[in-house]
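Asker: structure, please.
(2 chains, ligands or ions: 2)
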Amino acid sequence: MCGACGVLIFAEQEDGEIHKVTYELLGKGRVLADKLGKNLCAVILGYGLNDEAQELIYYGADKVFLFNHPSLKDFDIIKYKQSIVRLVNEIKPDIFLIGATRIGRSLAPRIAASLRTGLTADCVDLDLDDEGNLVQIRPAFSGNIMAQIKTRTKPQMATVRYKVMKMSIRDPARKGEVVEMKAEPIEDTGIKILEKKKANEVNISEAEIIVAAGRGVKSPEDLRLFRELAVLLGGVVGSSRPLVDAGWIGKEHQVGFSGNTVKPRVYVAFGIAGSPQHLFGMRYSDIIIAVNKDPTAPILNFSDYYVIGDLYEILPQLIHEIKKVRCVEK
Amino acid sequence: MNILVLIKQVPEIEKVRFDYEKGRLDRSSAGAIVNPFDLNALEAAVQIKEKIGGSVTAISMGPMQAIDALRDALARGADKAILLSDESFAGADTLATAYTLASAIRKHGTFDLIVCGEKTIDGDTAQVGPEVAEFLGIPHVAYVEEIREVCSDKIVVGARMERNYYIVELRLPGLITVTKDLNNPRLPTLRDKLRAMRAEITVWGYMDLAEEGSPRFFGLNGSPTRVIRVYTSVAEKRRSQVLSGTAHEVAQKIVQILMKNGVLR
Ligand SMILES: Cc1cc2nc3c(=O)[nH]c(=O)nc-3n(C[C@H](O)[C@H](O)[C@H](O)COP(=O)(O)OP(=O)(O)OC[C@H]3O[C@@H](n4cnc5c(N)ncnc54)[C@H](O)[C@@H]3O)c2cc1C
Ligand SMILES: Nc1ncnc2c1ncn2[C@@H]1O[C@H](COP(=O)(O)O)[C@@H](O)[C@H]1O
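Answerer: Ligands and ions are numbered 1, 2, ... in the order given. Predicted coordinates:
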């Protein structure tokens, strides 16, 4: 278990629950570390997280650095940054990956600035060149193009978009080491959480079925049909950006470049043209079904099944048919 | 209260067309605007000033033409504007940008609050704000969508992270980055615009920042990241099987697909 740390990943937790992007980081991190012939390490901060630290080993980490302290229970940018910077200076990883979540995107730049190292935001793929340098791939110009970026300082830091990379597979037979780190919490960081409440939102990134609405929808009331179908299928309503901009539906439903990336088993798109920005967010869905009245809409090329037709005729019929199937079931 | 707002001039990205054949961006039809999120940042600063007094200074790093963005900021309620423009600032990645901005903020002197946009629409990193805070050694809260209370030495804000919405007290001097949900930026009147046209704008080059920062950390020299290659990336085409028939028949076909894939049983 000794040996250099090739890749360090930040294991994000909120309320003691590990964010799933962490397992995606472990998946990619494992590949990179193996190629480098070095260890894959993880850092986790919080309180009472011994089981979670062990989980990270099952998911591929060789070594987990655990900062365990009551004062680290909730995210505090300064405390987290200080502990992590100290660790990075100690173990000197070649690569340091953080999820491109809100917490990650707030934390990573502070760490990068403190370490005076480069940071690439929102990567969708990572690879190594012949010299073992990290090649970071991220979208540019609203997802129309991809840029390959290299960093000439160490660690090479990147935040990684959620739901793009493959999760590692849990193996409870995996062995690794949990290293307890001494937390040296600062009393007053200038940040005090006065209140914390559940954001209580749909989590579209985790949805298995998405019924998505686009500008083909004529009025906000019509979204009722989408909700009905989503409920029938046990899924979530998704949306293209114009409906969000118009205030018809919350931003948490937005799929695409500036919204959420999703990877459902089935994505049904009604009245969505299929702009590069929208495709960016749903292109990894298992099955894409599109309904559009325009036979030249780009989304047709990017769907497995498509219907050239009016969503106002098809959607009610579909709801009707599914209800019929459901009834037969009962 | 002495408030600084960091604003960036960006291309009107909705109008930047992408030429898939040539694999190039065509910016000829796009003008330059103030990064939309930075207008929310400016609005927040101006509202605080209107409520408890003080001044708002807009700071931007960019080519000389970014002066237009600063004039826009002045028309929308900023009192002063500083442009950081120098050949040696060019080609900066987020680290070098933040370093340069932080150097200028040190030169500018005392401040209580720095307000940034959540992210830029061209860079889209959301990194510059937190990096500036780190270089200045002050705390920050990102993704602020609500400002509850402002006192001379602290500000109470609401920000959503992954699972929770947090109400946070931030000690000043501090930095916040704000989302679109925070407010609706005001439109400048013609009179404001005329006033801004005549206003004086300070321009600082690298000599002006020589005492606060080292040229080795400015611009391309100070940027550890490099773009190696750009290429088009379109989603993969799929089998595109047509489902035809009446609405009723099509609906039945979709149901069959859903059943075949275990979504419906
Ligand atoms: C920086 C940037 C970021 C962006 N981020 C996102 C993002 O995250 N997500 C996103 O979605 N967009 C995003 N966009 C916007 C994107 O470029 C498109 O404008 C948007 O996706 C279009 O949405 P739409 O397909 O619903 O609307 P439209 O392009 O207007 O298409 C509507 C479609 O509905 C069809 N239609 C109309 N009526 C009917 C009917 N009765 N029955 C069936 N079909 C019908 C039409 O044929 C058409 O194809 C972004 C843009 C920029 C510049
Ligand atoms: N060149 C710049 N000049 C001034 N402020 C900037 C500049 N670049 C970024 N910012 C600020 O940092 C925020 C985040 O930018 P970015 O990291 O590019 O997404 C912006 O909303 C601005 O408030």
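Asker: do a quick rundown of the strands in the stretch 201-330 of chain A.
Answerer: Using DSSP state E, counting those that start in this stretch, the strands of the stretch 201-330 of chain A run over residues A:209-213, A:236-239, A:266-270, A:287-292, A:305-308.
Asker: so can I have a markdown table of those strands showing distance to chain B, mean neighbour count and mean pLDDT?
Answerer: Where C-beta positions appear, they are placed from N, C-alpha and C, glycine not excepted. What follows is those, written out as a markdown table (distance: least, CB to the nearest CB, whole Å; neighbours: other CB atoms under 10 Å in any protein chain shown; pLDDT from 0 to 100):
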| stretch | distance to chain B | mean neighbour count | mean pLDDT |
| --- | --- | --- | --- |
| strand A:209-213 | 6 | 28 | 97 |
| strand A:236-239 | 13 | 27 | 97 |
| strand A:266-270 | 5 | 28 | 98 |
| strand A:287-292 | 6 | 25 | 97 |
| strand A:305-308 | 5 | 22 | 97 |
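Asker: got a markdown table for the ones you listed, with distance to residue A:322 too?
Answerer: Converted to a markdown table, those look like this (distance: least, CB to CB, whole Å):
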| stretch | distance to residue A:322 |
| --- | --- |
| strand A:209-213 | 11 |
| strand A:236-239 | 15 |
| strand A:266-270 | 11 |
| strand A:287-292 | 13 |
| strand A:305-308 | 15 |
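Asker: for the ones you listed, which one sits closest to residue B:238?
Answerer: Of all the strands of the stretch 201-330 of chain A, strand A:287-292 sits nearest to residue B:238, with 6.5 Å by CB to CB.
Asker: run the chain-centre distance for that closest one.
Answerer: Computed by CA atoms, centre = their mean, to the nearest Å, the separation of strand A:287-292 from the middle of its chain amounts to 23 Å.
Asker: that strand packs against which elements?
Answerer: strand A:266-270, strand A:305-308, helix A:311-329, helix B:247-260 (3 or more CB pairs under 8 Å, 6 or more residues apart in numbering or on different chains; DSSP states H and E).
Asker: sorry, back to before: among the strands of the stretch 201-330 of chain A, which is nearest ligand 2?
Answerer: Taking CB to the nearest ligand atom, strand A:236-239 is the member of the strands of the stretch 201-330 of chain A nearest to ligand 2, at 23.8 Å.
Asker: can that closest one be found next to ligand 1?
Answerer: No: using CB under 6 Å from any ligand atom, strand A:236-239 stays clear of ligand 1, with a minimum separation of 7.3 Å.
Asker: which strands and helices sit next to that strand?
Answerer: So strand A:236-239, by 3+ CB pairs under 8 Å, 6+ apart, packs with strand A:209-213, helix A:223-233.
Asker: quick check: next helix or strand after the top strand by length along chain B?
Answerer: The longest strand of chain B (DSSP state E) is strand B:140-150. Next helix or strand after strand B:140-150 toward the C-terminus (DSSP states H and E): strand B:154-160.
Asker: CA atoms only for that following strand, dumped as PDB, please.
Answerer: The C-alpha coordinates for strand B:154-160 follow below in PDB (Å, rounded to 0.1, in the frame of the first residue of the first chain):
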ATOM      1  CA  LYS B 154     -21.200  41.000   7.900                       C
ATOM      2  CA  ILE B 155     -23.800  39.900   5.300                       C
ATOM      3  CA  VAL B 156     -26.400  37.100   5.500                       C
ATOM      4  CA  VAL B 157     -27.000  35.300   2.300                       C
ATOM      5  CA  GLY B 158     -28.900  32.200   1.000                       C
ATOM      6  CA  ALA B 159     -27.200  29.700  -1.300                       C
ATOM      7  CA  ARG B 160     -28.100  26.300  -2.500                       C
END
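Asker: for that strand, the averaged confidence score.
Answerer: The pLDDT scores in strand B:154-160 average 97.
Asker: check stretch A:58-72 too.
Answerer: When pLDDT is averaged along stretch A:58-72, the result is 96.
Asker: buried residues of that stretch, list them for me.
Answerer: Using 16 or more other CB atoms under 10 Å in any protein chain shown as the test for burial, stretch A:58-72 gives A:58-69, A:71-72.
Asker: now distance to residue B:133 too, for those, in JSON lines please.
Answerer: Shown next, in JSON lines, are the buried residues of stretch A:58-72 (distance: CB to CB, whole Å):
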{"residue": "A:58", "distance to residue B:133": "36"}
{"residue": "A:59", "distance to residue B:133": "32"}
{"residue": "A:60", "distance to residue B:133": "33"}
{"residue": "A:61", "distance to residue B:133": "30"}
{"residue": "A:62", "distance to residue B:133": "33"}
{"residue": "A:63", "distance to residue B:133": "30"}
{"residue": "A:64", "distance to residue B:133": "29"}
{"residue": "A:65", "distance to residue B:133": "25"}
{"residue": "A:66", "distance to residue B:133": "27"}
{"residue": "A:67", "distance to residue B:133": "22"}
{"residue": "A:68", "distance to residue B:133": "27"}
{"residue": "A:69", "distance to residue B:133": "23"}
{"residue": "A:71", "distance to residue B:133": "20"}
{"residue": "A:72", "distance to residue B:133": "20"}
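Asker: filter the residues you listed down to the ones in strands?
Answerer: A:63-68.
Asker: contact residues of the stretch 201-330 of chain A facing chain B?
Answerer: Applying CB under 8 Å from any CB of the partner chain, we find that the stretch 201-330 of chain A lies next to chain B at A:208-209, A:233, A:265-266, A:268, A:276, A:279-280, A:283, A:286-289, A:300-310, A:313-314, A:317-318, A:320-322, A:325, A:329.
Asker: out of those residues, which are buried?
Answerer: Buried members of these, scored by 16+ other CB under 10 Å, are A:209, A:233, A:265-266, A:268, A:276, A:279-280, A:283, A:287-289, A:300-309, A:313-314, A:317-318, A:321-322, A:325.
Asker: contacts only, for the closest residue to residue B:248 other than its chain neighbours.
Answerer: Of all residues not flanking residue B:248 in the chain, residue A:317 sits nearest, at 5.5 Å (CB to CB, 6 or more residues apart in numbering or on different chains). Shown in contact with residue A:317 (CB atoms under 8 Å, 6 or more residues apart in numbering or on different chains): B:247-248, B:250-251.
Asker: would you list the buried entries among these?
Answerer: Judged by 16+ other CB under 10 Å, buried ones among these: B:247, B:250-251.
Asker: can you list the ones in strands among the buried residues of stretch A:58-72 in CSV and add distance to chain B?
Answerer: Formatted as CSV, those follow (distance: CB to the nearest CB, whole Å):
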residue, distance to chain B
A:63, 25
A:64, 21
A:65, 21
A:66, 20
A:67, 18
A:68, 20
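Asker: closest one to residue A:105 out of these, please.
Answerer: Nearest to residue A:105 out of these is residue A:67 (CB to CB; 20.5 Å).
Asker: which SS class is the closest residue to the closest one other than its chain neighbours?
Answerer: Of all residues not flanking residue A:67 in the chain, residue A:45 sits nearest, at 4.2 Å (CB to CB, 6+ apart). Put simply, residue A:45 is strand when judged by DSSP: H, G, I helix; E, B strand; the rest coil.
Asker: number of nearby residues for residue A:45?
Answerer: 26 (other CB atoms under 10 Å in any protein chain shown).
Asker: and what of the one 3 residues further on?
Answerer: In terms of burial, residue A:48 registers 10 neighbours under the definition other CB under 10 Å.
Asker: do the one 4 residues further on as well
Answerer: When neighbours are counted by other CB under 10 Å, residue A:52 registers 18.
Asker: can you tell me how far the residue nearest to residue A:176 when sequence neighbours are not counted is from ligand 1?
Answerer: If the residues on either side of it in the chain are set aside, residue A:176 comes closest to residue A:57, at 3.5 Å by CB to CB, 6+ apart. Here residue A:57 is placed at a distance of 36 Å from ligand 1 (CB to the nearest ligand atom, to the nearest Å).
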